[in-house]
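Enquirer: Predicted model and sequence below, questions to follow.
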Amino acid sequence: MLQRIWRCTISPERSSEYEEFAREFSLPMFRDQPGFRGCLMSRVGGDCEVLTLWDDEASIEALQTSASYLSTVAKIRAAGFVQEEHGSSVSPVHLAAFA
């Protein structure tokens with residue numbers, strides 16, 4: 001299993017819009033991707049992280065070329081509440097526990 005972490009800064013006064021977007025567009029899009037295992041979204045002030053879990057590198061590569069992912073990225077950029085994208089990183093998960 002791999003984790004992918006995407007980081008961005010949003011305008012804190014638009015945080016409710018960002019979270020609504022995540023519920024309406026981002027989470028459903030992730031759920032439809034092959035190899036998707038889960039998602040955690042965190043925010044402190046305007047600093048946001050989206051941690052997604054994937055079966056393997058091929059799943060992440062497929063995500064990044066998926067029409068629904070590219071459409072969602074275009075929508076989030078057009079919405080204008082993301083002030084700065086800090087990029088993403090991928091690393092292996094060596095230990096996981098869920099309740």
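Expert: Right, received. Where do you want to start?
Enquirer: C-alpha only now, for contacts and for neighbours.
Expert: Will do.
Enquirer: The longest helix anywhere in the chain - contacts with which helices or strands?
Expert: With secondary structure taken from DSSP state H, the chain has its longest helix at helix 67-79. Under the contact criterion of 3 or more CA pairs under 8 Å, 6 or more residues apart in numbering; DSSP states H and E, helix 67-79 touches helix 27-31.
Enquirer: Quick check: which element contains residue 18?
Expert: Here residue 18, judged by DSSP states H and E, is contained in helix 15-21.
Enquirer: follow-up on the earlier one: let me see the mean pLDDT of the longest helix of the chain.
Expert: Helix 67-79 carries an average pLDDT of 94.
Enquirer: and the helix or strand following that helix, which strands flank it?
Expert: Following helix 67-79 in sequence order, the next helix or strand is strand 82-92 (DSSP H and E). Strand 82-92 has the following sheet partners, assigned by DSSP bridges: strand 2-10 (antiparallel).
Enquirer: ok, and what's touching the partner strand?
Expert: Where contact means CA atoms under 8 Å, 6 or more residues apart in numbering, the residues beyond strand 2-10 that reach it are 18, 46-57, 60, 81-93.
Enquirer: Now the buried members of these.
Expert: Neighbour counting over the contacts of strand 2-10 (16 or more other CA atoms under 10 Å) leaves 18, 46-54, 57, 60, 81-82, 90 as the buried ones.
Enquirer: Okay, now the unreliable bits of the protein?
Expert: Counting by pLDDT under 70, the chain contains no low-confidence range.
Enquirer: which parts of the longest helix of the chain are buried?
Expert: Along helix 67-79, the positions that meet the burial threshold by neighbour count (16+ other CA under 10 Å) are 68-69, 72, 76.
Enquirer: who touches that helix?
Expert: Residues from elsewhere that reach helix 67-79 (CA under 8 Å, 6+ apart): 21, 25-26, 29-30, 63-64, 82.
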